[in-house]
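>>> need a 3D model of the sequence below.
(chains A and B)
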Amino acid sequence: MSNIINVGWMYPDILNLHGERANAKSFELVSKKMKVKLNIDRIDNIDELVDFEKYDILLFNAGELKEIENISNCLNNQKESLNKYIKENKVILLTGTTGALFSNKVERLDGYSFEALKILDMDVKERDSVIGDDLYYIANNMQIMGSQIQMIDITLNNVKPFGNIKYGYGNNGNTKEGARYKNVIFTNALGPVLVKNPWFTEYLIKLALKNKNIQLENKKINYDLEKKSLESSKEFIDKKINS
Amino acid sequence: MRKLYFIFVLWGVKFGQLLCKIFKQGGSMISGKVAVMFQKNFVKYFTNIDYDKVIFVTGTNGKSTTTNLIYHTLKSAGKKVCTNGEGANMMSGVATTLIKNSNVFGRFNKEFLVLEVDERSLRNIFKVLPAKNLCISNLQKDQVQRNGDPDFIYQMFKNSLNKDVTLFVNNEEPRSRSLEDYVDKTIYFSIEKNIKSFVKNDFYDVTMPCPKCSHKIEYEYYNIENIGKFKCSNCNYKSLKKSNVNIKDIDYDNYTFKCGKDTYKVNYINPFYIYNYALTIAVCKKFNIGYEDIQKGFETFVNPANRREVYKYHGKTIHYLRIKQENPETLQNALDTVLRDKKSKAIWMGLYEIKDFKPAYTNTFYFFDCNFKDVVKSNVEKYVCFSKTVCYDTANRMIYAGADEKKIKVYDVEDDFDIIFEDLDKLKTDNIYLITGMKPYKKLKTFFEKGDKNE
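Numbering: from 1, shown residues only, chains lettered A, B, ... in the order given. Sure thing, here's the model as predicted:
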């Protein structure tokens, strides 16, 4: 087994809404700090068969809801390989509206609906208005700060949330944020969420390392700038709550 | 009965306008708001409007400049024209414009009506004012807290269109151009590859999904961010070989370009402006305005919404570039301005929380849609990032672009500019670029003006 972590950056031009390319770059920069060998491949063509065997982490950034059905159809043709990938505890990160891709069913505003990949047991309904706000939650003892532009409401069925909300709308205005099944992680925090929270990137890389039985030297990485960013965002949120 | 009610409301608001004038009070903008409050479809009842000569201008970026440019050029050509110049681009603003330009019976007294229209208001305004001309400058990400993703606005545009509308679109902007499928007549404008065109080939560069088949759009080159000669990697959708209006032979030094055989001399020149000129030429040609008249308009045009100012402060030249926060194109435009200056420079970046709509939030997405990498390579002595909310994220964006961390100073300070500019005198360079959103503009302007007097 190779000691390189291979990241598949899925459909970068199509799942590209809010500066999410920075999440791919975050894997590069954080892995360097961790002294982990990491390779990123772009998977540009939605018709292309994905070499699931090769990858340890798949990154699906936020995209427009209208693109989800096409991608779902393409991946459904490779569902067996995708299921095997997930069963092997390999890592998938889904951000923003792209969470809908792994849901059961997506209902559009005009009444049209389509079935998605049915990997995360949750249902998705398009909203008639946008909610844009900060999103602050705790997941796996990590503080995660981001923003969300929520165009869908998500109802979790038989799937666990990824985090518990401290501030923000999350899945549908209750206290739950995102979803997690094995190492498939979905968060509503979109944009450069991994840049703002490099400890989240580190966590994903560590999951992939563990999965490959690669030992990592326990080294504390300096995230001083990002921690200051977190504190200033928390201060801003506190002011919002108290105003 | 409704028409009678309209006359009644019109008299009321015109009387209100008269009182405002007599007592020298502002408030002329309120008249439209009041009228629409009393009668929802107020705009519908104006008469003598030739809908063939009603021109709506909408889109993400450039709609104010293009509206002003079309209005000014038609006026220079001797046409009787009016516009909602104060930027009032929603229903109430349209109503105000019509109130001002009609008699007491609501008879419109101009030949042309050129209106900047807010993207989200387009459909409702079309219902009461069925313009036959719709210009879309471009359709990009903007105000995501309100507009979500571009498809949200695209659907609104699509649902506003009907076959009678002549659509003016940019041949090199894939998203808005694809609206051609919903009208019978489309007029295309474009600019040829020129010295400011560029290609992107970095691993992290991304394009967009094809609006027709959802596959990757590929650009042969860009004229500005997301706009350039394109083709879909899957279907036949691509830039047309020939547009109705095509700008070529651009001379950025001498402020000239050619369209057909005609050479235009202009006051403002960058690729973004040239698209605005191209769209204006396209509109003018439809209404048989000749070259001399268009040229006269262009050479006398002064843009009231220019976002660039220059100050002298402590012996340094401060190039102050204001951006619309949350809008990557205006930030990229500012970065391109910095990039074009090859001299040594320092950059102050003051990006704040987004407060356009409630709740305010700390969105920093748009930083990463922009290309900072080339700026980082452009002889920068120092970076200063300030604001109470996102200064650390701004600094991190520079680091992600490869900036030397030792050159970056962060001020977790809202608007104490004495502190923020404390290191100015220590710099070798006297060439300073300051980029901020609108929030600190007035305070910064006062700070620099006061500083000038104190020197």
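>>> under a three-state scheme, what state does the residue nearest to the spatial centre of chain A occupy?
The centroid of chain A falls nearest to A:L94 when counting by CA atoms, centre = their mean (2.9 Å). Following DSSP: H, G, I helix; E, B strand; the rest coil, the label given to A:L94 is strand.
>>> can you check B:L113 too?
strand.
>>> go ahead and confirm it touches B:N84.
No. Using CB atoms under 8 Å, B:L113 makes no contact with B:N84, being 9.2 Å away. The way it works is simple: take the backbone N, C-alpha and C, and place the C-beta from them, glycine included.
>>> tell me, what's touching the two both at once?
By CB atoms under 8 Å, 6 or more residues apart in numbering or on different chains, B:L113 and B:N84 have these common neighbours: B:T97.
>>> was I right about B:T256 contacting B:T263?
Yes. The pair B:T256 / B:T263 is scored as a contact, 5.7 Å apart, by CB under 8 Å.
>>> which residues are in contact with each of the two?
Any residue near both B:T256 and B:T263 by CB under 8 Å, 6+ apart counts here, and that gives B:D249.
>>> list the contacts of the residue nearest to A:L15 when sequence neighbours are not counted.
Excluding the flanking residues, the one nearest A:L15 by CB to CB, 6 or more residues apart in numbering or on different chains is A:G63, at 3.7 Å. Residues in contact with A:G63 (CB under 8 Å, 6+ apart) are A:11, A:14-17, A:71, A:96-98, B:209.
>>> same question for A:S72.
A:S72 touches A:101, A:114-117, counting by CB under 8 Å, 6+ apart.
>>> so which of the residues you listed are in strands?
A:114-115 (DSSP state E).
>>> of the contacts of A:S72, which count as buried by neighbour count?
Using 16 or more other CB atoms under 10 Å in any protein chain shown as the burial test, the contacts of A:S72 include A:101, A:116-117 as buried.
>>> let me have those in JSON lines, extended by pLDDT and distance to chain B.
Compiled in JSON lines, those are given as follows (pLDDT from 0 to 100; distance: CB to the nearest CB, whole Å):
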{"residue": "A:L101", "pLDDT": "98", "distance to chain B": "13"}
{"residue": "A:A116", "pLDDT": "97", "distance to chain B": "15"}
{"residue": "A:L117", "pLDDT": "97", "distance to chain B": "16"}
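>>> out of those residues, which is nearest to B:V338?
Checking the buried ones among the contacts of A:S72 against B:V338 with CB to CB, the nearest one is A:L101 at 38.1 Å.
>>> and the nearest residue in space to that closest one that is not next to it in sequence, what does it touch?
The shortest distance from A:L101 to any non-neighbouring residue, by CB to CB, 6+ apart, is to A:I68 (5.1 Å). Contacts for A:I68 (CB under 8 Å, 6+ apart) come out as A:97-98, A:100-101, A:106, A:116.
>>> how close does A:I68 sit to B:Y255?
Per CB to CB, to the nearest Å, A:I68 is found 46 Å from B:Y255.
>>> ok, residue 191 - how many residues close by?
Reading this off chain A. Other residues within reach of A:G191, judged by other CB atoms under 10 Å in any protein chain shown, total 29.
>>> wait, chain B
For B:I191, the neighbour count with other CB under 10 Å is 27.
>>> wait, it sits on B:I250?
Yes. Between B:I191 and B:I250 there is a contact under CB under 8 Å: 7.1 Å.
>>> pull up the overlap in contacts between these two.
B:257, B:274.
>>> next up, the contacts around residue 135.
Going with chain A. Going by CB under 8 Å, 6+ apart, A:L135 touches A:144-148, A:165, A:167-170, A:177, A:188-189.
>>> chain B, not that one
B:55-59, B:66, B:70, B:168, B:279, B:282-283.
>>> which of the three states applies to it?
B:C135 - assigned by three-state DSSP - is strand.
>>> any idea what it is bridged to?
Applying DSSP bridges to B:C135 gives these bridge partners: B:V57, B:F168.
>>> now B:D164. Nearest residue, chain neighbours left out?
B:K132 (6.0 Å).
>>> oh, I was asking about B:N244
B:N244's closest residue in space is B:I187 (CB to CB, 6+ apart), at 4.8 Å.
>>> quick one: average confidence on stretch B:218-232?
Mean per-residue pLDDT for stretch B:218-232: 95.
>>> is chain A contacted by that stretch?
No. Applying CB under 8 Å from any CB of the partner chain, one finds stretch B:218-232 separated from chain A by no less than 8.7 Å.
>>> centre of the chain to that stretch, how far?
In terms of CA atoms, centre = their mean, to the nearest Å, the centre of stretch B:218-232 is found 19 Å from the chain centre.
>>> need the residues that contact that stretch.
Contacts of stretch B:218-232 (CB under 8 Å, 6+ apart): B:138, B:140, B:170, B:172-174, B:191, B:193-194, B:196-200, B:207-208, B:210, B:212-213, B:215-217, B:233, B:237-239, B:271-272, B:275, B:328-329, B:332-333, B:370-371.
>>> can I get the helix or strand harbouring A:I237 in CSV, CA atoms only?
Using DSSP states H and E, A:I237 sits in helix A:224-242. Extracted C-alpha coordinates of helix A:224-242, given in CSV (Å, rounded to 0.1, in the frame of the first residue of the first chain):
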residue,chain,number,x,y,z
ASP,A,224,-2.0,30.8,15.3
LEU,A,225,-3.5,32.9,12.6
GLU,A,226,-6.5,30.7,12.1
LYS,A,227,-7.1,30.5,15.9
LYS,A,228,-7.1,34.3,16.0
SER,A,229,-9.5,34.3,13.1
LEU,A,230,-11.7,31.9,15.1
GLU,A,231,-11.6,34.0,18.2
SER,A,232,-12.5,37.2,16.3
SER,A,233,-15.4,35.4,14.6
LYS,A,234,-16.7,34.2,17.9
GLU,A,235,-16.4,37.7,19.3
PHE,A,236,-18.4,39.0,16.3
ILE,A,237,-21.1,36.3,16.8
ASP,A,238,-21.3,37.1,20.5
LYS,A,239,-22.0,40.7,19.6
LYS,A,240,-24.7,39.6,17.1
ILE,A,241,-26.4,37.5,19.7
ASN,A,242,-26.3,40.3,22.3
